[in-house]
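In: how would this look folded up:
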Amino acid sequence: MVSGTSKIAVVLFQLGGPDSLEAVEPFLENLFRDPDIIDFPFAKITREPLARLIASRRSKKVRAYYERIGGKSPIGELTVFQAQALERELQKSVDARVFIAMRYWHPLTQEAVAQIQKEEYREVVLLPLFPQYSMTTTGSSVNEWNRRFRGDKHDHPPVKLIKHFYDHPLYVEAIVDNINGTFKRFGRLDRSEVHLVFSAHGVPAKVIEQGDPYQQHVKATVQLVMELGGWKSPHHLCYQSKVGPAAWLKPSLDETLHVLASSGVKHVLVVPITFVTEHLETLHEIDIETRTEAEHLDIQQFEMMPALNDHPTFIRALADLVLHQVRSNQVKHQRL
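Out: Okay, the predicted model is just below:
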């Protein structure tokens, strides 16, 4: 264990996104070669060629999506803003430095590990930017960290993981604040006429069947948000971003929109409930594709709540999570 320093390293886990159109295909390759995403009998042998094949086939279509939102994913820059804001907030209480470890594009996990190993830290706190735990997001990121952060345990500082924060009061408060801000776009319309559609990133149904708590966490977050918000608006939970022929969580965002439209709903506010940073799934899938579909379905007003990004209350939530972890560790050390 490293001694003689009080510095804390905080690592933000995020999936990442291509920072140019040329990066789209290699980004997709990294995604589809993830053993926590693509796993089946003999996958170890066929995963690499299969990832290249899928990425090659999908890259043209996905590249066009990125062209429509500016030629790259904004998630890299926005995560930097989150890291900077979190570091400023933490510095009020502890000597901390915040790093970023993206799962599928730069800065990759190994880059973050290399940066951390240049200096001495008392401990490392891993903070996945996935409020609701899933083996496909947090689990995959932690597995990659463990593959990269090797060596004798005495040569490295202790590593602590914040597994989830789906029910953190400040996180819930930040979402409610963003929803209230988006409600203003509906003017004086009675809130009971605006349907809140909570859209979460989908996962294969078999993942949940294997005991993954993701769906349970998502439902809990929605319930807490509705309780704190106190709105009279009807609300719905659905899932998006399905890939491949396997069964995924239902209902889908598209299915939900069609059901609402067929029942005469004219005002919809979509809440990307599991996305804390803007990226393709919010800016294109919801705000372009789903918005266009809503127009075709004769929905009069369609609005999307912006992601939390560096919302001050959200940053305070992240800081509170880290400080709670650090302080609990200090108490444990004092008792030894």
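
In: what about the strands in the stretch 151-300 of the chain?
Out: 159-161, 195-201, 235-240, 267-272 (DSSP state E, counting those that start in this stretch).

In: so can I have TSV of these showing distance to Q115, mean neighbour count and mean pLDDT?
Out: Yep, even glycine has a C-beta here, placed from its N, CA and C like the rest. Below are the strands of the stretch 151-300 of the chain laid out as TSV (distance: least, CB to CB, whole Å; neighbours: other CB atoms under 10 Å; pLDDT from 0 to 100):
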stretch	distance to Q115	mean neighbour count	mean pLDDT
strand 159-161	15	17	96
strand 195-201	28	25	98
strand 235-240	33	21	98
strand 267-272	30	24	98
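
In: dump the ones you listed into TSV; add distance to I54 as well.
Out: Shown next, in TSV, are those (distance: least, CB to CB, whole Å):
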stretch	distance to I54
strand 159-161	30
strand 195-201	19
strand 235-240	19
strand 267-272	25
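
In: out of those strands, nearest to Y104?
Out: Across the strands of the stretch 151-300 of the chain, Y104 has its closest neighbour in strand 195-201 (14.2 Å, CB to CB).

In: the inter-axis angle of that closest one versus strand 235-240?
Out: 30 degrees (axes from the mean of the first three to the mean of the last three CA atoms, to 10 degrees).

In: least confident secondary structure element in the protein?
Out: One helix or strand of the chain scores below all others by mean pLDDT, DSSP states H and E: helix 312-335, with a mean of 81.

In: to G17, which of the strands of the stretch 151-300 of the chain lies closest?
Out: In terms of CB to CB, the element of the strands of the stretch 151-300 of the chain nearest to G17 is strand 195-201, at 13.5 Å.

In: touching, I179 and P306? I think so.
Out: No - using CB atoms under 8 Å as the test, I179 is too far from P306 to be in contact (10.1 Å).

In: compare those two (neighbour count), which wins?
Out: Shown here are I179 and P306; by other CB atoms under 10 Å, I179 has more neighbours (20 against 16).

In: pull the contacting residues for the closest residue to the more buried one other than its chain neighbours.
Out: In space, and not counting its chain neighbours, I179 is closest to M305: 5.5 Å by CB to CB, 6 or more residues apart in numbering. Counting by CB atoms under 8 Å, 6 or more residues apart in numbering, M305 touches 175, 178-179, 181-182, 269-272.

In: give me that answer again for 6 Å
Out: Applying CB atoms under 6 Å, 6 or more residues apart in numbering, we find M305 in contact with 178-179, 182, 271.

In: tell me which of the residues you listed fall in helices.
Out: Of the positions in these, 178-179, 182 sit in helices, assigned by DSSP state H.

In: and which of the residues you listed is nearest K72?
Out: N178 (23.9 Å).

In: now the stretch 151-300 of the chain, which segments are flagged as low pLDDT?
Out: The stretch 151-300 of the chain contains residues with pLDDT under 70 at 151-155.

In: all helices of it, in order?
Out: Remark: helices assigned in the stretch 151-300 of the chain by DSSP state H, counting those that start in this stretch are 169-183, 205-209, 214-229, 253-262, 280, 291-296.

In: okay, the ones you listed, which one's buried deepest?
Out: helix 280 (a mean of 21; mean count of other CB atoms under 10 Å).

In: which elements pack onto it?
Out: Helices and strands touching helix 280, by 3 or more CB pairs under 6 Å, 6 or more residues apart in numbering; DSSP states H and E: there are none.
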